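Colleague: Have a look at this prediction, sequence included:
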Amino acid sequence: MKNFLLFISCTFLMFFFTLFNNYIHAQNKPFIIVLDAGHGGHDSGNRGNGYYEKNIALNIALKIGAQLDKISGIKVIYTRKKDVFVDLIKRAEIANKADADLFVSIHCDAFTSSKAFGAGTFVLGLHENERNFKVAQKENSVIFLEENYEQKYDGFNPNDPESVISLILMQETYLDQSIFAANTIQNSFVENLKRKNRTVKQAGFVVLKYTYMPSVLVETGFLTNRNEGAYLNSSKGQNQMADAISKAIINYKDKLQASIQSNLIVKVNPKPEVKTYQETSNLFFKIQIAASKNRIATESYNFKGLSPITREKSGKIYRYYYQTTFDYDEAKNYLINAKKRGYSNAFLVAYDGDKKITISQALQLLK
């Protein structure tokens, strides 16, 4: 019995120190932000009131980066630092290769009416109205300037609303975090600059589709509005926009890391002898791998070969889950498998009957 207890104690200590070492590694790893200045080179972007979107976007991106470089623990990477043309898919590849924690694409908006004004933020998703489609259509049309765009983007047509549906699934694994980041930026515009709140919206942007991390596209304002165009083209306007966005990114990073640390504490506390709760409760676990506004068939070919897949609807969002098990250790193995298949943001979800509960509550029940 003593040997068994010693074995259990050693196993728990190894488990704890593994988690602790992983946490220290995560703490030492810088928070990598990729700043993407839209357009560039022979792609001027929109030319509202004679201004150049490509120049304004680049200036704001560089100013954001200069502020973030002063913050310990943050590493800034740019998709471009000068007036050059970069393919949309190449911008995503830069972020993926860097294993970035957040991708922010900077743009300026345009509209047929010169009265439209205000800053807005977008995440990848289905267009909820014609205006959102037009914004995405404008930004996506840059692919026509690229060589072999039909092969490169699998026949995607920016002018076809139905074509956009194919963009959605991959990035929606990160939808919740993308919305959180976008809301943080949008709130910063309103609180720090008193800008008109155009709210967070979803639309089908190619540049966001191929990134494997939370991703946001920022429309800093309308160049087609005389006053706003002059503001965005000025040093004052660019400095203020950069300041608001950089503050939001820092805020997002701090809240995200605080959440990770809180989850670590929950994982370290449970006793190692706990296995199942099948005999006396309706407690079970699933692995959430995706969230989407689309109702997608739960076939394995839609989820990188994972099976079985279940689907739940909450409000307008469908959530997709891999496996169901009463065994906590088995659930953790399923989570590892989901991450190996490419769902790096997958996470455990616990249920007590038909009620969703937190993992900490589940572990208390297991005790």
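Modeller: Yep, it's here. Predicted, not measured: the structure shown is a model, and the values here were computed from it.

Colleague: State the distance from residue 295 to residue 317.
Modeller: Distance of residue 295 to residue 317, given as CB to CB, to the nearest Å: 11 Å. The way it works is simple: take the backbone N, C-alpha and C, and place the C-beta from them, glycine included.

Colleague: Show me which of these two is the more surrounded one.
Modeller: Set residue 295 next to residue 317 and count neighbours by other CB atoms under 10 Å: residue 317 wins out with 14 against 9.

Colleague: what stretches of the stretch 51-200 of the chain score poorly on pLDDT?
Modeller: Filtered on pLDDT under 70, the stretch 51-200 of the chain yields the residue ranges 125-173.

Colleague: for it, what spans make up the strands?
Modeller: Under the criterion DSSP state E, counting those that start in this stretch, strands of the stretch 51-200 of the chain are mapped to 74-78, 102-109, 119-124, 197-203.

Colleague: who does whichever strand or helix holds residue 348 pair up with?
Modeller: Element membership for residue 348, per DSSP states H and E: strand 347-352. Strand pairing for strand 347-352, using DSSP bridges, gives strand 283-292 (antiparallel), strand 355-357 (antiparallel).

Colleague: For residue 230, grab the count of nearby residues.
Modeller: Residue 230: 13 neighbours (other CB under 10 Å).

Colleague: and it, that's in a helix?
Modeller: Yes. Counting by DSSP: H, G, I helix; E, B strand; the rest coil, residue 230 is part of a helix.

Colleague: Report pLDDT for it.
Modeller: We note a pLDDT of 97 for residue 230 in this prediction.

Colleague: returning to that earlier point: got the strands of the stretch 51-200 of the chain as TSV, with distance to residue 175 and mean neighbour count columns?
Modeller: Below are the strands of the stretch 51-200 of the chain laid out as TSV (distance: least, CB to CB, whole Å; neighbours: other CB atoms under 10 Å):
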stretch	distance to residue 175	mean neighbour count
strand 74-78	23	18
strand 102-109	14	27
strand 119-124	7	26
strand 197-203	9	19
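
Colleague: any chance of those in CSV, plus distance to residue 252?
Modeller: Formatted as CSV, the strands of the stretch 51-200 of the chain follow (distance: least, CB to CB, whole Å):
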stretch, distance to residue 252
strand 74-78, 11
strand 102-109, 7
strand 119-124, 12
strand 197-203, 13
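
Colleague: Highest mean neighbour count out of the strands paired with strand 347-352?
Modeller: A comparison of the strands paired with strand 347-352 by mean neighbour count, using mean count of other CB atoms under 10 Å, puts strand 283-292 on top with a mean of 22.

Colleague: continuing past it, what's the next helix or strand?
Modeller: strand 309-314.

Colleague: Tell me which helix or strand comes right after that following strand.
Modeller: strand 317-325.

Colleague: the inter-axis angle of the strand holding residue 348 versus strand 317-325?
Modeller: With axes from the mean of the first three to the mean of the last three CA atoms, to 10 degrees defining the directions, strand 347-352 sits at 80 degrees from strand 317-325.

Colleague: Can you list the neighbours in contact with strand 347-352?
Modeller: Residues outside strand 347-352 that contact it (CB atoms under 8 Å, 6 or more residues apart in numbering): 281-288, 321, 331-332, 335, 356-359, 361-362, 365.

Colleague: That strand vs strand 309-314, what angle?
Modeller: 70 degrees.

Colleague: and strand 347-352, average pLDDT?
Modeller: 88.

Colleague: for the protein, what spans make up the helices?
Modeller: Counting by DSSP state H, the chain has helices at residues 2-28, 53-68, 88-97, 130-140, 149-152, 168-171, 175-193, 206-209, 226-232, 235-268, 328-340, 359-366.

Colleague: circling back: can you put the strands paired with strand 347-352 in TSV and add mean pLDDT?
Modeller: As requested, the strands paired with strand 347-352 are exported to TSV (pLDDT from 0 to 100):
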stretch	mean pLDDT
strand 283-292	88
strand 355-357	84
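
Colleague: would you list those in a markdown table and tack on distance to residue 29?
Modeller: Shown next, in a markdown table, are the strands paired with strand 347-352 (distance: least, CB to CB, whole Å):
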| stretch | distance to residue 29 |
| --- | --- |
| strand 283-292 | 23 |
| strand 355-357 | 31 |
